[in-house]
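1. Got a predicted structure here, sequence first:
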Amino acid sequence: MADMEVTDRIGAAGPQLTTAERRVAQVILELPQLVAFGTVADLAAQAKAGAATVVRLAAKLGFDGFSALQSSVQRDLSRQLRPAVERIRELDGHQPLERHAAVVLSNVQATLAAVDRATLDKTVELLADLDRPVLVLAGDAERGVALQFVHDLTGLRADVDPVWGTDVAVRRQLAVSAPQSTLLVLDLRRYERWLLDGVAVARELGHTVVALSDGPLSPLAMAAHYSFTLAAQSMSPFESQVGTLALLELITASVAERIRDSAESRLARVDAAWAAGGSLTDG
């Protein structure tokens with residue numbers, strides 16, 4: 001456990017944490033700078049918890065006290081976040097293009113840097129299993145990138161379906177879904193209640209759940225068999241979907257490599273149908 005980053009440790013320990021410890025852990029995930037440069041009292045106050053809770057959490061995460069936790073967070077920031085943060089701090093309000101570019105690049109880099117290779121391999125294995133249908137469930141704001149993923153994955157394999165609508169519609173779609181399907185679900189805080197209910201129903205049906213959310217302590221990640229963490233900072237009032245799209249493109253590309261022969265045949269049939277119908281033109 002000594003080589004694991006703080007985020008990984010929190011994700012692994014999540015189910016064993018108390019409510020107060022989870023509040024502290026959430027602050028660590030959301031405000032790493034506070035932990036890196038603050039005190040036990042600062043972290044406890046931000047999490048509305050006691051100093052003893054902070055110390056207990058550090059021990060549960062495998063650290064020899066708060067100082068060791070703080071050092072680990074400082075290393076994580078130096079390795080993953082510092083370049084983007086420095087770029088952003090160097091910009092002023094008169095450089096919206098440069099600031100936007102820095103935030104977008106930071107989201108992509110942070111999202112992909114947080115990918116656990118074992119989790120990625122297992123997710124690709126599930127999605128490349130042509131005998132397992134794939135269901136995609138997304139919150140309202142994430143529906144656009146989810147539809148793009150459905151479109152791309154459908155180009156590679158059959159039995160890929162979006163699941164959304166009213167609570168009644170979602171429950172109906174899940175109720176008639178094939179046993180042991182793979183459910184890929186996307187949402188960011190604040191999470192939509194119908195979506196969380198849908199994930200619970202999917203688990204009851206025996207589906208394998210892969211979650212893309214904003215942290216290992218999100219209700220989606222806690223309910224999933226496999227999870228990925230998304231960075232979604234934005235200069236606008238809305239979360240950025242660029243990091244999410246980059247991760248989905250990585251997953252799609254990896255599936256394409258895994259099922260190359262059957263995917264190539266499927267894509268060739270589609271191209272032939274378009275050519276026969278004169279559906280596309282270069283003019």
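-> Perfect, I can see it now.
2. contacts and neighbour counts: CA atoms only from here.
-> Fine.
3. show me what contacts Leu184?
-> Val134, Leu135, Val136, Leu137, Val209, Val210, Ala211, Leu212 (CA atoms under 8 Å, 6 or more residues apart in numbering).
4. Out of those residues, which sit inside strands?
-> Per DSSP state E, strands hold the following members of those: Val134, Leu135, Val136, Leu137, Val209, Val210, Ala211, Leu212.
5. What is the neighbour count of the fourth one?
-> What it means is Leu137. Residue neighbour count, defined by other CA atoms under 10 Å, stands at 25 for Leu137.
6. and what of Leu34?
-> 17.
7. Quick one, grab the pLDDT at it.
-> Looking at Leu34, its pLDDT reads 80.
8. Okay, the spatially closest residue to it that is not a sequence neighbour and Leu280: tell me how far apart.
-> Of all residues not flanking Leu34 in the chain, Leu43 sits nearest, at 6.9 Å (CA to CA, 6 or more residues apart in numbering). Leu43 sits 59 Å away from Leu280, taking CA to CA, to the nearest Å as the criterion.
9. follow-up on the earlier one: now render the contacts of Leu184 as TSV, adding distance to Leu112 and pLDDT.
-> Listed next are the contacts of Leu184 as TSV, based on distance: CA to CA, whole Å; pLDDT from 0 to 100:
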residue	distance to Leu112	pLDDT
Val134	23	98
Leu135	23	98
Val136	20	98
Leu137	21	97
Val209	20	98
Val210	16	98
Ala211	15	97
Leu212	12	96
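10. Now that we have these, which of them are buried?
-> Val134, Leu135, Val136, Leu137, Val209, Val210, Ala211, Leu212 (16 or more other CA atoms under 10 Å).
11. residues contacting Gly243?
-> By CA under 8 Å, 6+ apart, Gly243 lies in contact with Val104, Asn107, Val108, Gln109, Ala110, Thr111, Leu112, Leu230, Ala231, Ala232.
12. ignore the last one, Ala221
-> Neighbouring residues of Ala221 by CA under 8 Å, 6+ apart: Ala211, Leu212, Ser213, Gly215, Ser227, Phe228.
13. Compute the distance between the most centrally placed residue in the chain and Ala113, please.
-> The structure's the chain has its C-alpha centroid closest to Leu212; by CA atoms, centre = their mean the separation is 2.8 Å. Distance from Leu212 to Ala113, counting by CA to CA: 14 Å.
14. Kindly report the same for Arg269.
-> Distance, Arg269 to Ala113, using CA to CA: 36 Å.
15. Would you mind writing the PyMOL command to select the buried ones in the contacts of Gly243?
-> Buried residues within the contacts of Gly243, by 16+ other CA under 10 Å, are selected in PyMOL with:
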select buried, resi 104+107+108+109+110+111+112+230+231+232
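16. Just the ones in helices from the contacts of Gly243, please.
-> In helices, judged by DSSP state H, the following of those are found: Val104, Asn107, Val108, Gln109, Ala110, Thr111, Leu112.
17. picking up where we left off before, now, among the contacts of Gly243, which is nearest to Asp161?
-> The closest of those to Asp161 turns out to be Leu230 (CA to CA; 22.5 Å).
18. who's in contact with the closest one?
-> By CA under 8 Å, 6+ apart, the neighbours of Leu230 are Asn107, Ala110, Thr111, Leu212, Ser213, Asp214, Gly215, Gly243, Thr244.
19. any chance of these in CSV, with distance to Thr53 too?
-> Output for the contacts of Leu230, formatted as CSV (distance: CA to CA, whole Å):
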residue, distance to Thr53
Asn107, 31
Ala110, 28
Thr111, 29
Leu212, 29
Ser213, 26
Asp214, 23
Gly215, 20
Gly243, 33
Thr244, 33
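20. quick one: contacts of the helix or strand hosting Ser67?
-> Per DSSP states H and E: Ser67 is located in helix 66-76. Helix 66-76 is contacted by residues Glu5, Val6, Pro32, Gln33, Val35, Ala36, Phe37, Val40, Val54, Val55, Ala58, Phe63 when judged by CA under 8 Å, 6+ apart.
21. Pick out the most distant pair among those.
-> Within the contacts of helix 66-76, Glu5 and Val40 form the most distant pair, 19.3 Å apart (CA to CA).
22. which of the two has more neighbours?
-> Val40 (18 against 15).
23. If I follow the layout properly, the more buried one ends up in contact with Thr53?
-> No. Using CA atoms under 8 Å, Val40 is not in contact with Thr53, being 9.7 Å away.
24. Closest one to Arg258 out of the ones in helices among the contacts of Gly243, please.
-> Of all the ones in helices among the contacts of Gly243, Leu112 has the smallest distance to Arg258: 19.7 Å, by CA to CA.
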